[in-house]
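[1] pasting the sequence and the predicted coordinates here, then a few questions.
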Amino acid sequence: MRYISTRGSAPSLSFEEAMLTGLARDGGLYVPESVPTMPKSEIAALAGLSYEEVAYRVMRPFIGDTFSDSEFGEIIEKAYAGFGHDARAPLVQLAPNHFLLELFHGPTLAFKDFAMQLIGQMFQKALARRGERITIVGATSGDTGSAAIEAFRGLEAVDVFVMFPHGRVSEVQRRQMTTPVEGNVHALAVHGDFDDCQARLKDMFNDFEFRDGVRLAGVNSINWGRVLAQVVYYFSSAVSLGAPHRKVSFTVPTGNFGDIFAGYIAKKMGLPIDKLVIATNQNDILHRTLTSGAYTTMGVTPSISPSMDIQVSSNFERALFDIYDCEGSAVAQLMDELKSGGSFNVSQGALERLRGLFVSGRVSEEETSAMIKSAFKHTGEVLCPHSAVGVKVAADHLGVTPMITLATAHPAKFPAAVKAACGQDISLPPRMADLFERDERVTEVANDLGALETLIWERLAL
Ligand SMILES: Cc1ncc(COP(=O)(O)O)c(C=O)c1O
Ligand SMILES: N[C@@H](CCOP(=O)(O)O)C(=O)O
């Protein structure tokens, strides 16, 4: 299995190299050269298996010889051992044909743990074998950062820097990033929005002197390993509702497009998915693109679902690559237009293909709050604002096919929005109960590449 860049002019890499490399050197994202398919009989055989066994069977073909069978099995066992639910990703029924996939039982209470715990184990194994140390820099709108810190804190071979938008994450999210005591963890509050943080991260990857000097690695969904790990719960949930003998649909609260792209990969692998529904908050660039064909950035507006406050949706590039028949030069041109002018238009043919693969909906702030209130009233389920965006959009797409909406974070991460919407006080799990008493350690930084790189160099020199 080789991995190629969406921009077509970086060398192809093995799984291990792609995982440790992060962004391709031509600025693109790595994708598998071809997606392995799972025959119907193999999908049917997943029924009744543990989450870990499903994970092994779904991901094994993508890993090549990076890990032996037994190493990979051990990595998966360790990755999910700390989850607070035996099923790892349990399904809860909301309505006769509508199910919620609870992805928030990991150590930091968001779906990011599914991938981050796994790549944490994979990085450790690969780095120990190579005798290398790396510097991870991540950009976060709230959840990736804490999940990355949790997966890598205290490791000898890794320093982890997390850039988050100053004042634009919830207090619980911020404290999850600023209170770990380990010296290899560095929380950076950037004066900008998430798009700025992600843009500076990509700038760092494109500054080869810095990249090679600090041995930069990425754990955002830039990293293919992140997307791959998220493919698994599409299989586990669909099979528990009768796939491959019956189709299912998914609605995914979407920002950086990594999670729904994982669903798209599951479908390419052979999982019978009917609809893949993109649910956006008021930062609705993906919904607008599907509606008009114009991908036009308009600046991020803060919302009560802050983790989805994103306008430059990194993994959309991976979808474009497929839609443009894997022509890296076409994708590179669109991305150049985006960088220079803040927008690009997809061709009519590409738009039709996109619309054949995804449908979309947008939810306002008021609708998000109303959804939290009504879900609590009618089902007793307390939704986080991101999950509420998903449930609201899903409601427009219910039919005979079972719909699974991804619940991407625990409501306790967003207590103010949840309390305001449905009056409920949701407490943090006991292991985090003292989060508000812990000391915070954070550095404010300008949205400036030079300032960020200098800070990272200085910290590494200590
Ligand atoms: C809670 C939550 N929901 C949804 C999303 C959107 O997921 P993605 O960026 O993969 O589209 C994020 C951020 O990634 C998130 O943290
Ligand atoms: N919502 C994310 C944004 C980063 O997404 P990623 O999947 O690329 O890591 C967050 O919570 O940080």
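    Structure received. Ligands and ions are numbered 1, 2, ... in the order given.

[2] roughly how far does residue 355 sit from residue 348?
    11 Å (Cβ to Cβ, to the nearest Å). All C-beta atoms are positioned from the backbone trio N, CA, C, and that covers glycine.

[3] try residue 364
    30 Å.

[4] neighbour count for residue 355 and residue 348, which is higher?
    Between residue 355 and residue 348, counted using other Cβ atoms under 10 Å, the more crowded position is residue 355 (13 against 9).

[5] longest single helix anywhere in the chain?
    Longest helix in the chain by number of residues (criterion: DSSP state H): helix 112-130.

[6] which is the succeeding secondary structure element to that one?
    Stepping forward along the backbone from helix 112-130, the first helix or strand reached (DSSP states H and E) is strand 134-139.

[7] buried sites along the helix or strand just after that next one?
    Going down the chain from strand 134-139, the next helix or strand is helix 143-152, by DSSP H and E. Along helix 143-152, these residues count as buried under the neighbour rule (16 or more other Cβ atoms under 10 Å): 143, 144, 145, 146, 147, 148, 149, 150, 151, 152.

[8] quick check: closest non-adjacent residue to the fourth one.
    For residue 146, ignoring the flanking residues on the chain, the nearest one in space by Cβ to Cβ, 6 or more residues apart in numbering is residue 176 at 3.6 Å.

[9] show me which residues of the stretch 151-300 of the chain are close to ligand 1?
    Taking Cβ under 6 Å from any ligand atom, the part of the stretch 151-300 of the chain that reaches ligand 1 is made up of 221, 253, 254, 255, 256, 257, 258, 259.

[10] circling back: please report how far the residue nearest to residue 146 lies from ligand 1.
    When Cβ to the nearest ligand atom, to the nearest Å is the yardstick, residue 176 and ligand 1 sit 12 Å from each other.

[11] give the contact list for that residue.
    Neighbour list for residue 176: 108, 145, 146, 149, 150, 432, 435 [criterion: Cβ atoms under 8 Å, 6 or more residues apart in numbering].

[12] for those, which one is nearest ligand 2?
    Nearest to ligand 2 out of the contacts of residue 176 is residue 145 (Cβ to the nearest ligand atom; 5.8 Å).

[13] tell me the SS of residue 49?
    Of the three states, residue 49 takes coil under DSSP: H, G, I helix; E, B strand; the rest coil.

[14] repeat that for residue 180.
    Using three-state DSSP, the structure places residue 180 in coil.

[15] show me the strands in the stretch 1-150 of the chain, by range?
    3-5, 30-32, 91-95, 98-102, 134-139 (DSSP state E, counting those that start in this stretch).

[16] setting aside sequence neighbours, what's the nearest residue to residue 92?
    When the adjacent residues along the chain are set aside, residue 92 lies closest to residue 100, with 4.6 Å between them (Cβ to Cβ, 6+ apart).

[17] so that neighbour touches residue 384, yeah?
    No - the pair residue 100 and residue 384 does not pass the contact test of Cβ atoms under 8 Å, sitting 11.1 Å apart.

[18] what sits in contact with each of the two?
    With Cβ under 8 Å, 6+ apart, residue 100 and residue 384 have common neighbours residue 407.

[19] and these two? Which one has more around it.
    In terms of neighbours (other Cβ under 10 Å), residue 384 is the more surrounded of residue 100 and residue 384; the figures are 29 against 25.

[20] what count of nearby residues applies to the closest residue to residue 179 other than its chain neighbours?
    Taking Cβ to Cβ, 6+ apart as the measure, residue 179 lies nearest to residue 438, with 3.9 Å between them; neighbours along the chain are not counted. Residues near residue 438, counting by other Cβ under 10 Å, number 14.

[21] now residue 377
    Using other Cβ under 10 Å as the criterion, residue 377 is surrounded by 9 other residues.

[22] the nearest residue to it once chain neighbours are set aside: what's it in contact with?
    Nearest-residue entry for residue 377: residue 422, 7.7 Å, with adjacent residues in sequence omitted and distances by Cβ to Cβ, 6+ apart. By Cβ under 8 Å, 6+ apart, residue 422 lies in contact with 372, 373, 376, 377, 382.

[23] adding distance to ligand 1 and secondary structure, write those residues out as a markdown table.
    Formatted as a markdown table, the entries for these read as follows, by distance: Cβ to the nearest ligand atom, whole Å; DSSP: H, G, I helix; E, B strand; the rest coil:
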| residue | distance to ligand 1 | secondary structure |
| --- | --- | --- |
| 372 | 14 | helix |
| 373 | 19 | helix |
| 376 | 18 | helix |
| 377 | 22 | helix |
| 382 | 14 | coil |
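
[24] hmm, which of those are the buried ones?
    Neighbour counting by 16+ other Cβ under 10 Å classes 372, 373, 376, 382 among the contacts of residue 422 as buried.

[25] quick check: the first one vs residue 426, distance?
    Using Cβ to Cβ, residue 372 is found at 11 Å from residue 426.

[26] re the thing from before, may I ask which two of the buried ones among the contacts of residue 422 are separated the most?
    Of all pairs drawn from the buried ones among the contacts of residue 422, the one with the largest separation by Cβ to Cβ is 373 and 382; the distance is 10.2 Å.

[27] CA atoms only for stretch 452-462, dumped as CSV, please.
    As requested, the backbone C-alpha atoms of stretch 452-462 are provided in CSV (Å, rounded to 0.1, in the frame of the first residue of the first chain):
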residue,chain,number,x,y,z
LEU,A,452,5.5,30.9,16.4
GLU,A,453,8.6,29.2,14.9
THR,A,454,10.9,31.2,17.2
LEU,A,455,8.9,30.2,20.2
ILE,A,456,9.0,26.5,19.3
TRP,A,457,12.7,26.7,18.6
GLU,A,458,13.3,28.3,22.0
ARG,A,459,11.2,25.8,23.9
LEU,A,460,13.0,22.9,22.2
ALA,A,461,16.4,24.4,23.1
LEU,A,462,15.6,24.4,26.8
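
[28] list the buried residues of that stretch.
    Judged by neighbour count using 16+ other Cβ under 10 Å, the buried positions of stretch 452-462 are 452, 453, 455, 456, 459.

[29] how about stretch 42-61?
    By neighbour count, and taking 16+ other Cβ under 10 Å as the criterion, the buried residues in stretch 42-61 are 43, 46, 51, 52, 54, 55, 56, 57, 58, 59.

[30] got a list of what the residue of the stretch 51-200 of the chain at minimum distance from ligand 1 touches?
    Here the stretch 51-200 of the chain gets closest to ligand 1 at one residue, residue 143, 3.4 Å apart by Cβ to the nearest ligand atom. Residues near residue 143 by Cβ under 8 Å, 6+ apart: 108, 110, 111, 112, 173, 307, 408, 409, 413.

[31] quick check: residue 243 vs residue 157, distance?
    For residue 243, the distance to residue 157 under the criterion Cβ to Cβ works out to 40 Å.

[32] comparing those two, which residue is more hemmed in?
    Per other Cβ under 10 Å, whichever of residue 243 and residue 157 has more neighbours is residue 243, with 24 against 17.

[33] and the contacts of residue 143, which two are furthest apart?
    The most widely separated members of the contacts of residue 143, counting by Cβ to Cβ, are 111 and 173 (13.8 Å).

[34] who has more neighbours out of those two?
    When neighbours are counted by other Cβ under 10 Å, residue 111 and residue 173 differ, and residue 111 comes out ahead with 31 against 25.
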